[in-house]
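S.K.: here's my sequence, what's the structure:
(one chain, ligands or ions: 1)
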Amino acid sequence: MIELPEVSDQDVQWACKVLGLPETAFSGPDGADPRLGVLRANATLDVEACPGSGKTTLLVAKLAILARHWNAAERGICVLSHTNAARREIEKKLGATSEGQRLLSYPHYVGTIHGFVNEYLALPWLRSKGIKIEAVDDDVCLKWRWSKLPFVTRRALEQRQGSLHRLRYLNSDFDLGAIPWGKGGVLNRASATYQHMQRVCQDSYKAGLFCHDEMFVWASDLLDRYPEVTRHLRHRFPLLMIDEVQDNSEVQSRLLQRIFVVGGHAVMRQRFGDQNQAIYSYQGQDGAATDSFPIEDIKRTIPNSYRFGNSVAALADPLGVSPHGLVGQGGVGRSGEPELVGRHAIFLLDDDSVERVIDEYVAYLRQEFGAAELSSGDFTAVGAVHRADTDDKLPRSIRHYWPEYDPEISSAEPQPNTLLQYLAAGRRLAELSGETNDLVEKLAEGVLRLARLMSPETAIGKRRRNHRYVMDLLEGNADALETYLYLVRAFAVSRVFPTQDRWEADYRVLFESVAHSLSASHATNSAANGFLAWSEIGNVDAAKAKRNNVLWDETQAPAIKVRVGSIHSVKGETHTATLVLETFYYKHHLKELKPWLLGQTQGGNGRTDRIKQRLRLHYVAMTRAARLLCLAMRTDAFNEAEIGILRENGWRVARVTQEGVEWFE
Ligand SMILES: Nc1ncnc2c1ncn2[C@@H]1O[C@H](COP(=O)(O)OP(=O)(O)OP(=O)(O)O)[C@@H](O)[C@H]1O
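M.R.: Numbers count the residues shown, from 1 in each chain. Below is the predicted model of the structure:
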């Protein structure tokens with residue numbers, strides 16, 4: 001196993017400085033903070049700690065210090081997570097340092113588990129088998145398979161509520177698993193229908209089209225045939241760091257264990273996570289069973305949260321499936337504004353006032369924060385469900401609070417349905433990161449998707465750098481290249497908000513022509529037309545306007561913005577204030593959690609999977625707020641006595657009516 005470089009006091013001081021943290025951030029006033037032990041640890045370990053305890057910060061600090069002293073030219077650190085949050089954090093906090101630059105390039109890997117599996121196992125293996133990779137994209141791939149099925153097979157599937165989502169294989173023999181068929185039955189594997197379904201999967205493999213999760217199938221296939229690959233990978237990456245490990249699925253966990261741990265010569269592995277925040281549910285399962293997290297013998301914990309103070313800690317703690325006994329050491333404003341004890345609020349709404357809730361939240365923010373925090377703060381409103389088809393049982397989804405909310409552009413790693421949604425998503429990412437490049441990349445990704453839709457069989461694959469890829473593909477086609485760069489300048493640099501007329505008359509046509517060049521097709525089929533359809537991405541004349549799911553309130557100075565989105569999309573984040581919105585899945589989420597909110601019960605062990613999932617989601621949501629936590633729930637969720645209990649527990653409670661708010665005092 002590798003010996004990591006020693007971490008000196010100077011290294012720790014340097015890390016605090018580049019991350020903009022106090023000098024004692026990792027050592028504590030008495031030098032006994034367990035964070036220091038994690039920074040210095042030279043062994044395999046699991047860090048399980050509460051929200052805001054600084055896991056991601058610690059991981060980034062450790063990487064920065066390691067990068068300082070790393071001198072193995074061809075061996076690197078592999079940093080994996082579910083989102084690109086760690087990568088973005090490194091870019092943001094360390095981007096200007098040479099250590100940061102080094103971390104983001106060879107020999108290190110910082111990215112998602114999917115990205116790693118593709119780059120180091122599945123794609124090289126498929127290429128070596130002579131497969132030319134056209135696309136790794138569920139949408140493109142499943143539509144292709146569906147279109148190749150005989151008509152009778154499609155009809156048979158449709159008649160039994162089957163859809164293109166059944167066309168996924170589980171192993172390299174193209175086994176589709178048990179396909180539900182009729183009442184409680186399963187489709188016979190020897191039937192013509194099953195065989196046709198298998199055949200289109202095989203054909204798509206030969207055509208180079210894959211769903212994302214099928215990359216794990218091919219990675220495992222490579223390891224089955226050439227087990228020695230793990231030896232090479234372990235030599236190449238002697239240190240593995242995993243963030244947000246609680247969200248690893250069984251398949252991911254099993255594969256990572258196989259690559260880095262099983263058998264002799266396991267690599268050094270340091271994992272960071274929090275079981276209470278496992279929100280990517282895998283049916284009937286509390287996280288991955290293989291190689292579960294944390295391993296008790298090597299577990300380290302960090303006792304307190306730097307995000308919020310004790311007033312938020314006390315309100316959120318009961319919702320932890322295994323309560324941590326949260327201790328808050330944050331909650332104070334950047335300029336020393338005191339913790340907002342006794343100001344956390346529940347807004348009660350009914351069918352008629354649901355659309356007023358976010359406005360009242362904005363008014364409350366203006367009341368509770370001074371001008372400095374209002375203009376620099378990160379204010380959010382989040383809900384578990386952000387897409388709903390029906391309008392009963394209000395509020396079902398975020399859209400019932402804000403009709404202009406667009407679920408397609410919400411998630412942190414969005415997969416939009418139209419080109420304009422790609423542009424809107426890019427704009428949102430660029431706004432969050434301050435990097436124009438995020439918008440350029442999304443624009444290029446949208447253009448490539450359009451080209452693939454125009455002609456699914458052309459050789460347009462996936463690359464890590466979309467813009468670079470488009471430029472490469474257009475090399476030698478000066479006209480198309482010029483048009484593409486014009487579009488990049490217009491949308492990413494000048495940031496135009498097109499009107500519908502301008503879109504239809506100009507931009508749409510230009511995007512179409514670039515995609516025609518990329519796909520070598522001359523026609524725009526119906527899928528591509530749908531993708532080019534007009535939708536507003538944000539005209540900003542009104543005082544309160546929708547810009548990429550950011551609600552601006554410019555009615556008073558300073559203008560403030562509230563990011564609205566799903567709970568999943570704000571995982572790992574720190575907000576100045578968070579409003580957690582009631583939403584509906586089988587039942588109203590927060591209402592189901594009433595005994596926890598009233599402080600009458602805590603924890604979730606032994607509860608149903610659905611309750612545990614509700615707890616985890618709302619625990620994540622309620623622990624984002626550094627300064628102020630608010631909830632929105634239905635008025636009929638509580639009786640008068642219960643409102644009394646909430647107030648005793650530290651909540652302020654207000655009823656939102658069409659006229660304004662009435663506080664229970
Ligand atoms: N050692 C520290 N000293 C002071 N502030 C810190 C420290 N570590 C983290 N913070 C601050 O606390 C907040 C939360 O940190 P971070 O996001 O790293 O926590 P986390 O444990 O990864 O949270 P979560 O589990 O919710 O994703 C951030 O604002 C960060 O700047």
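S.K.: ok, and the closest non-adjacent residue to the closest residue to the ligand within the stretch 251-400 of the chain?
M.R.: Closest residue of the stretch 251-400 of the chain to the ligand, C-beta to the nearest ligand atom: Y306 (3.6 Å). Backbone N, C-alpha and C define where each C-beta goes, glycine included. Nearest residue to Y306 in three dimensions, chain neighbours excluded: G330, at 4.7 Å (C-beta to C-beta, 6 or more residues apart in numbering).
S.K.: so the one you found sits against S311, correct?
M.R.: No. Counting by C-beta atoms under 8 Å, G330 stays clear of S311, with 10.9 Å between them.
S.K.: where is the longest strand in this structure?
M.R.: strand 625-634 (DSSP state E).
S.K.: that one: partners in the sheet, and parallel or antiparallel?
M.R.: strand 345-349 (parallel), strand 575-581 (parallel) (DSSP bridges).
S.K.: got CSV for those strands, with mean pLDDT too?
M.R.: As requested, these are exported to CSV (pLDDT from 0 to 100):
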stretch, mean pLDDT
strand 345-349, 98
strand 575-581, 98
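S.K.: out of the ones you listed, the one nearest L256 is which?
M.R.: strand 575-581 (30.8 Å; C-beta to C-beta).
S.K.: which residues does the following helix or strand past the closest one contact?
M.R.: Using DSSP states H and E, the next helix or strand after strand 575-581 towards the C-terminus is strand 584-585. Applying C-beta atoms under 8 Å, 6 or more residues apart in numbering, the contact partners of strand 584-585 are 384-385, 388, 393, 395-397, 614.
S.K.: now stretch 602-616
M.R.: 276-279, 281, 283-284, 286, 317-323, 384, 585-586, 589, 592-593, 596.
S.K.: for the ligand, what are the nearby residues on the stretch 251-400 of the chain?
M.R.: 274, 277, 306-307 (C-beta under 6 Å from any ligand atom).
S.K.: over to the chain?
M.R.: 21, 25-26, 35, 51-57, 274, 277, 306-307, 572, 574, 623.
S.K.: at 8 Å what do you get?
M.R.: Within the chain, the positions lying close to the ligand (C-beta under 8 Å from any ligand atom) are 16, 19-22, 25-26, 33, 35, 49-60, 243-244, 272-274, 277, 302, 305-307, 330, 571-574, 620, 623-624, 626.
S.K.: what comes up buried for stretch 346-354?
M.R.: Residues of stretch 346-354 classed as buried: 346-349, 353-354 (neighbour count, 16 or more other C-beta atoms under 10 Å).
S.K.: whoops, stretch 156-164 was the one
M.R.: Within stretch 156-164, judged by 16+ other C-beta under 10 Å, the buried ones are 156-157, 160, 162, 164.
S.K.: then stretch 101-108?
M.R.: 102-104, 108.
S.K.: what mean pLDDT does that stretch have?
M.R.: Averaged across stretch 101-108, pLDDT comes to 90.
S.K.: confirm G644 sits in a strand?
M.R.: No. Counting by DSSP: H, G, I helix; E, B strand; the rest coil, G644 is not part of a strand but helix.
S.K.: among the residues of the chain next to the ligand, which are located in helices?
M.R.: 16, 35, 55-60, 620 (DSSP state H).
S.K.: save the residues you listed as CSV, and put in neighbour count, distance to G377 and pLDDT too.
M.R.: Below are these laid out as CSV (neighbours: other C-beta atoms under 10 Å; distance: C-beta to C-beta, whole Å; pLDDT from 0 to 100):
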residue, neighbour count, distance to G377, pLDDT
C16, 17, 24, 96
R35, 25, 26, 96
K55, 24, 23, 94
T56, 18, 20, 92
T57, 20, 19, 93
L58, 25, 24, 94
L59, 25, 25, 94
V60, 24, 23, 94
V620, 26, 20, 97
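S.K.: which residue packs closest to the residue in the chain positioned nearest to the ligand, ignoring adjacent ones?
M.R.: Closest to the ligand within the chain is G54: 2.6 Å, counting by C-beta to the nearest ligand atom. In space, and not counting its chain neighbours, G54 is closest to Y306: 5.5 Å by C-beta to C-beta, 6+ apart.
S.K.: tell me how far that neighbour lies from E91.
M.R.: 22 Å (C-beta to C-beta, to the nearest Å).
S.K.: right, and the residue of the chain closest to the ligand touches P303 too?
M.R.: No. Using C-beta under 8 Å as the test, G54 is too far from P303 to be in contact (11.1 Å).
S.K.: and the residue of the chain closest to the ligand, what is it in contact with?
M.R.: Contacts for G54 (C-beta under 8 Å, 6+ apart) come out as 25, 35, 302, 306.
S.K.: and for K55?
M.R.: 47, 49, 243, 272-274, 302.
S.K.: can you name the next helix or strand after the lowest-mean-pLDDT helix or strand in the chain?
M.R.: Counting by mean pLDDT, DSSP states H and E, the weakest-scoring helix or strand in the chain turns out to be strand 546-547, with a mean of 49. Next along the chain after strand 546-547, taking DSSP H and E as the criterion, comes strand 550-553.
S.K.: now the helix or strand that that next one is followed by: average pLDDT?
M.R.: As assigned by DSSP H and E, the chain's next helix or strand after strand 550-553 is strand 560-566. The average pLDDT within strand 560-566 is 93.
S.K.: just the angle for strand 560-566 relative to strand 575-581, thanks.
M.R.: Counting by axes from the mean of the first three to the mean of the last three C-alpha atoms, to 10 degrees, strand 560-566 lies at 50 degrees to strand 575-581.
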